[in-house]
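**Q** can't give you the sequence, but here's the structure:
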């Protein structure tokens, strides 16, 4: 999946959260947004996910303009800043949640979750709940 954000701006009243932001995320890449609190990282992610609408600019996914599309039409997931969105579920179940909601086959869910946990070095902790992990 390729994501292109072009000239996106977002204001909340007098506060400018984003101003003329352009970002290209090539297909297959792993991208991190870094910056201090209040710099607009979460706002940008919320716009890409369709949870906020930009005041200006466009969001394209795989070349299609999704700026005004509903979140469920975008085919992407959003992880909130607090990793324990589902504190009662294991690490594996948290990662699998989006795939299960999309009714993916059980074998595909297992394979994809195992792949993602290996990518971020959490395979050993797949059965643990978030409150059993270090916050570091």
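**A** Yep, that arrived. The shown structure was predicted, so the numbers you read here are calculated from the model rather than taken from an experiment.
**Q** tell me the secondary structure of residue 6, please.
**A** Following DSSP: H, G, I helix; E, B strand; the rest coil, the label given to residue 6 is strand.
**Q** try the one 5 residues further on
**A** Per three-state DSSP, the local secondary structure of residue 11 is strand.
**Q** spit out the contact partners of the closest residue to it other than its chain neighbours.
**A** The shortest distance from residue 11 to any residue that is not its chain neighbour, by C-beta to C-beta, 6 or more residues apart in numbering, is 5.7 Å, and that residue is residue 55. All C-beta atoms are positioned from the backbone trio N, CA, C, and that covers glycine. With contacts defined as C-beta atoms under 8 Å, 6 or more residues apart in numbering, residue 55 is in contact with 9-11.
**Q** the bottom helix or strand of the chain by mean pLDDT?
**A** Counting by mean pLDDT, DSSP states H and E, the chain has its least confident helix or strand at helix 91-101, which shows a mean of 90.
**Q** gap between the nearest residue to residue 59 once chain neighbours are set aside and residue 130?
**A** For residue 59, the nearest residue in space outside its immediate sequence neighbours is residue 67; the separation is 4.9 Å by C-beta to C-beta, 6+ apart. With the distance defined as C-beta to C-beta, to the nearest Å, residue 67 ends up 33 Å from residue 130.
**Q** same question, residue 40
**A** Per C-beta to C-beta, residue 40 is found 26 Å from residue 130.
**Q** cool, and residue 56?
**A** For residue 56, the distance to residue 130 under the criterion C-beta to C-beta works out to 37 Å.
**Q** with neighbour numbers in mind, choose between those two.
**A** residue 130 (18 against 15; other C-beta atoms under 10 Å).
**Q** now do the helix or strand just after the least confident helix or strand of the chain against helix 91-101, angle only.
**A** Elements were assigned by DSSP states H and E; along the chain past helix 91-101, the next helix or strand is helix 106-119. Between the direction of helix 106-119 and that of helix 91-101, the angle (axes from the mean of the first three to the mean of the last three C-alpha atoms, to 10 degrees) works out to 140 degrees.
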